[in-house]
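Undergrad: Let's see this in three dimensions:
(2 chains)
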Protein chains: 2
Amino acid sequence: MTEHRQAETDAPEDKLQLSQQDMEVIGRAIDTGDSATLDAMLLPVHAADIADLIEQLPAPRRRQFLDLYSGEMDGEILTEIDESIREEVLEQLPPEVVAEAVREMDSDDVVDLIEDLEEPEKQAILAALDDSDRAAVEQSLTYPEYSAGRLMQSEVVTAPEHWTVGETIDFLRQEDWLPDQFYHVVLVDPRRHPKGYVTLGKLLASRRNMPLREITEDSFRTISARQDEGDVAHAFNKYHLISAPVVDDHDRLVGIITIDDAMSVLDEEHEEDILRLAGVGDDSSISDTIMETARQRVPWLAINIGTALMAASVIALFEGAISKLVALAVLMPIVASMGGNAGTQTLTVAVRGLATRSLTRANTMRVVRREMAVGLLNGTLFGLTMGLVTYAWFRDPALSLVIGMAMIVNLFVAALGGILIPLGLEKAGADPALASGTFVTTVTDVVGFFTFLGLASVILL
Amino acid sequence: MTEHRQAETDAPEDKLQLSQQDMEVIGRAIDTGDSATLDAMLLPVHAADIADLIEQLPAPRRRQFLDLYSGEMDGEILTEIDESIREEVLEQLPPEVVAEAVREMDSDDVVDLIEDLEEPEKQAILAALDDSDRAAVEQSLTYPEYSAGRLMQSEVVTAPEHWTVGETIDFLRQEDWLPDQFYHVVLVDPRRHPKGYVTLGKLLASRRNMPLREITEDSFRTISARQDEGDVAHAFNKYHLISAPVVDDHDRLVGIITIDDAMSVLDEEHEEDILRLAGVGDDSSISDTIMETARQRVPWLAINIGTALMAASVIALFEGAISKLVALAVLMPIVASMGGNAGTQTLTVAVRGLATRSLTRANTMRVVRREMAVGLLNGTLFGLTMGLVTYAWFRDPALSLVIGMAMIVNLFVAALGGILIPLGLEKAGADPALASGTFVTTVTDVVGFFTFLGLASVILL
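TA: Residues are numbered from 1 along each chain as shown, chains lettered A, B, ... in the order given. Below you'll find the model as predicted:
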């Protein structure tokens, strides 16, 4: 959770978007070093939009901007800044500004900010925190990266399970450390084991003498601090959780995760899946430079050139056949292309099913059988189609037979590869999206060229 | 928002997952018509998991299950059931069970349930509602599909802007229609224009005589009922909203959207993007049958066979060249494949940028220029690589030159197609993910074969 920006007490609605004109005024203010205009322009702007602005500035202007605006940089803006430039921004800001900003942040945001920093920078920020905040952040950092323990905030509002509504409200009124946003009061026993939770709505709507125990939510689940953040995000989405208590290995309450953080994780996981499927580095960002972008794309293109050479060497085996019948060269890319497409379809459904946890051990066999059947069915359909098209084009029934058979084989193999490759990667503990696309199209290219040209050599020549 | 399931007052933690053993007991209970065992087994299970179970049963067993379990079917389970089988389930249940279930639901869930039903079924369900609930649902249905108006629930907790904390708490204690989950009290003026909102946490933590006006959140934004639900979901994610008031064309409060609904929309949008990019029907589901799956995949395979034939006819233009130099047939798929990969990389980044609203009018030109530069840079890198590889393989400097040049051209065209095709689709009001993949690989196949074989004809023969 992130605090909302404290601007003025009777603030107008947030400015929804910086217009082109606004951007020009801001640009001039940066050029002329006019920090008063800059501050005034950005006062009604949401921290997330200020962070966007900082990300979109070219590096030299970003430094000018930060020099001018450093007095106004707060915890929320820092939290919103994309990881790719966060370290650069932190280095640019005066240490006291950073220290002040992190003191305002909830513990989960501090963890997110510092977990990837070098040790000296990390220690400098930790030193700025109160003892109790520092302890909370350090505890979070003991959990593995991408675990619930890293995602949680340690600021949890709890109440003993025997309290009444009145006692709880009195307690809340006298506390001044409450998180900016919270949605539940977690009931705990004397050993801090969570026993249930009460929504603030129920608390407000109930009489003062109502025992908390009687208004707890019936659906209650805790999250282990070691659980993978992706699983946590999917549990929030599936069970409509708003916040969920996090427990340590002894089932003691150590923090709470709120839905907005789960939503960010879900969005990031999706980003990773879609970029990895396409062979793009998953830390790519729209604000990367030309060199960064080119470099990120090289590894998968390099692997692809290797696999394409493999497919080409399969074709080279049949040079004799091709020189006798050039139609083979004309038709062979169709077999490979259809296999690649069918394989990608199956693959994407499998990767998505694994990502949403809907492809489970219980239905894996059914899905594998289904994909094989679909491969045969569509292979037969498009094998027949290509057979007819080839006959119409080349008037050669044997060639039509060859391409039809190759198509059936390749679409079946595509289905098999499309489902088994991501399942195998998942089983091996790797990301099923990573490299799947290249593996599958390599299989379909090699099998497509080999079956088509091989059958042609045997049957036609 | 979905109500939590009312099981017992002191319910144990939800059962986290049905084990294989549980499933066997449930299977036997269905076979023997033992509804007592079924009810007992499913009592501790979350509605979302019961819905999963129903989705995974084959159709005939699903009917048996619904007959046995119909007495326990409630609004929450119905809400969780996937659209693909929802109509079938509704038809199977006794009308009084459906009527009872929809009366428990929040208005947004009723809208979601009935918006795709046939008119008679829709009217039957509307007739089961109270007058005020029905009016709310009918109002929602006047807004376009996939708009904020369809997503919102009409149950909003409001307070006049001049109230104090004490007045608000007294009001909440005497109301009995409060939504099961709410996080804010929306301040409205006498004409129901929203003026700000107060979190329940602040309400609980403040003294009774505190005016609401002084504890409103500083960051406040309303959503127009006509806004696209995808934009709403991204605003929730970007600005960490928990709930946001929805207003009509006259800026009057008509409902509220909560983050869990926004999270579902975000997840569905992801699903659409990834499936559409792969040419899979976006209503596909892991529980589809073989025939449904095969049918969904046919359209894009059919389009692909058309585009592959187009590429093949380009090759056919150069049959003479290939018959003189078979190495051309060996190498040409490499040029096409590298173009397809590079194009897909650019395309995916563009589609993702559009989906997350990070590719905006302000940076489009910069990103287009960047992609073109990256295409040239990586084209040159891999053009040189392939030139060297080809020389090592065939010892033919002219052939090496030809493939190097073709590679540069094709990777540049791939970048151009990868960015301009999704931008063009978006501009034309179409989904940028839809068909982009096929368009881009068609372009890279055709251009790849044509440049390579064309240059070869001119230079080598």
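Undergrad: would residue A:196 count as being in a helix?
TA: No - applying DSSP: H, G, I helix; E, B strand; the rest coil, one finds residue A:196 to be strand, outside a helix.
Undergrad: pLDDT value on the nearest residue to it once chain neighbours are set aside, please?
TA: Spatial nearest neighbour of residue A:196, chain neighbours left out: residue A:216 (3.7 Å); criterion: CB to CB, 6 or more residues apart in numbering or on different chains. From N, CA and C alone the C-beta is placed, and that goes for glycine too. Per-residue pLDDT puts residue A:216 at 94.
Undergrad: how deep is residue A:216 tucked in, by neighbour count?
TA: Residues lying near residue A:216 (other CB atoms under 10 Å in any protein chain shown) number 23.
Undergrad: Cross-check the contact I'm expecting between it and residue A:194.
TA: No - with contacts counted by CB atoms under 8 Å, residue A:216 stays clear of residue A:194, the gap being 10.6 Å.
Undergrad: joint contacts of those two?
TA: Common neighbours of residue A:216 and residue A:194 (criterion: CB atoms under 8 Å, 6 or more residues apart in numbering or on different chains): residue A:187.
Undergrad: how about the strands of the stretch 351-461 of chain A, start to end?
TA: Here the stretch 351-461 of chain A has no strands by DSSP state E, counting those that start in this stretch.
Undergrad: tell me which parts of the stretch 51-200 of chain A are close to chain B?
TA: Within the stretch 51-200 of chain A, the residues that sit near chain B (CB under 8 Å from any CB of the partner chain) are A:52, A:56, A:157, A:169, A:172-173, A:175, A:178-183, A:199-200.
Undergrad: Please repeat the previous calculation with a cut-off of 7 Å.
TA: Neighbours of chain B within the stretch 51-200 of chain A, by CB under 7 Å from any CB of the partner chain: A:56, A:169, A:172-173, A:175, A:178, A:181-183, A:199-200.
Undergrad: Between which two of these is the distance greatest?
TA: By the measure CB to CB, A:56 and A:169 form the most distant pair in these, at 45.5 Å.
Undergrad: of these two, who's got more company?
TA: residue A:169 (21 against 17).
Undergrad: what residues are up against that one?
TA: residue B:204 (CB atoms under 7 Å, 6 or more residues apart in numbering or on different chains).
Undergrad: picking up where we left off before, let me know the closest of the residues of the stretch 51-200 of chain A next to chain B to chain B.
TA: residue A:200 (3.7 Å; CB to the nearest CB).
Undergrad: ok, how many other residues are close to that closest one?
TA: Count around residue A:200 with other CB under 10 Å applied: 23.
Undergrad: Could you do residue A:193 as well?
TA: 16.
Undergrad: So it sits against residue A:250, correct?
TA: No - between residue A:193 and residue A:250 there is no contact under CB atoms under 7 Å: 8.5 Å.
Undergrad: Tell me which residues are up against stretch A:269-289.
TA: With CB under 7 Å, 6+ apart, stretch A:269-289 has contacts from A:55-56, A:82, A:84, A:230, A:233, A:293, A:296-297, A:300, A:348, A:351, A:355, A:431, A:433-434, A:436-438, B:270, B:273-274, B:341, B:344-345, B:348-349, B:352-353, B:358-359, B:363, B:367.
Undergrad: Now, these that are in helices?
TA: A:55-56, A:84, A:230, A:233, A:293, A:296-297, A:300, A:348, A:351, A:355, A:436-438, B:270, B:273-274, B:341, B:344-345, B:348-349, B:352-353, B:363, B:367 (DSSP state H).
Undergrad: Filter the residues you listed down to the buried ones, ChimeraX style.
TA: In ChimeraX, a selection of the buried entries from those looks like this (16 or more other CB atoms under 10 Å in any protein chain shown):
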select /A:55,56,230,233,293,296,297,300,348,351,355,436,437,438 /B:270,273,274,341,344,345,348,349,352,353,363,367
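Undergrad: just the residues of the stretch 351-461 of chain A that are near chain B, which are they?
TA: Of all the residues in the stretch 351-461 of chain A, those lying near chain B are A:352-353, A:358-359, A:363, A:367, A:370, A:373-374, A:377-378, A:382, A:385-386, A:389, going by CB under 7 Å from any CB.
Undergrad: what about 6 Å?
TA: A:352-353, A:358-359, A:370, A:373-374, A:377-378 (CB under 6 Å from any CB of the partner chain).
Undergrad: okay, who's weakest in those residues by pLDDT?
TA: Scoring those by pLDDT puts residue A:358 last, at 84.
Undergrad: Touching, residue A:262 and residue A:233? I think so.
TA: Yes - contact criterion CB atoms under 6 Å: residue A:262 and residue A:233 qualify, at 4.6 Å.
Undergrad: Look up the closest residue to residue A:445, ignoring the ones flanking it.
TA: Nearest to residue A:445 is residue A:311, by CB to CB, 6+ apart, at 4.0 Å.
Undergrad: what sits against the one you found?
TA: Counting by CB atoms under 6 Å, 6 or more residues apart in numbering or on different chains, residue A:311 touches A:445-446, A:449.
Undergrad: Would you mind giving the orientation angle of whichever strand or helix holds residue A:333 with respect to helix B:327-355?
TA: For residue A:333, the element it lies in under DSSP states H and E is helix A:327-355. Relative orientation of helix A:327-355 versus helix B:327-355 (axes from the mean of the first three to the mean of the last three CA atoms, to 10 degrees): 30 degrees.
Undergrad: What residue spans form the domains of chain A?
TA: Following automatic domain parsing, chain A resolves into domains at A:20-142, A:158-262, A:290-460.
Undergrad: Pipe the ones you listed into CSV and attach distance to residue B:91 per row.
TA: Converted to CSV, those look like this (distance: least, CB to CB, whole Å):
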stretch, distance to residue B:91
domain A:20-142, 45
domain A:158-262, 26
domain A:290-460, 24
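Undergrad: And these: which comes nearest residue B:238?
TA: It's domain A:20-142; of the domains of chain A, that one is closest to residue B:238 (CB to CB) at 5.0 Å.
Undergrad: can you pull the contacts of residue A:266?
TA: residue A:233.
Undergrad: Surely it is within a helix?
TA: Yes - applying three-state DSSP, one finds residue A:266 inside a helix.
Undergrad: tell me the pLDDT at it?
TA: 94.
Undergrad: Show only the entries of the contacts of residue A:311 found in helices.
TA: A:445-446, A:449.
Undergrad: which one of the residues you listed is nearest residue B:101?
TA: residue A:445 (51.9 Å).
Undergrad: before we move on, back to that, C-terminal to the helix or strand containing the residue nearest to residue A:445, what's the next element?
TA: Under the criterion of DSSP H and E, residue A:311 resides in helix A:290-317. Remark: after helix A:290-317, the chain's next helix or strand is helix A:319-324, criterion DSSP H and E.
Undergrad: right, quick check: that next one against chain B, any contact?
TA: Yes - counting by CB under 6 Å from any CB, chain B has neighbours in helix A:319-324: A:319, A:322-323.
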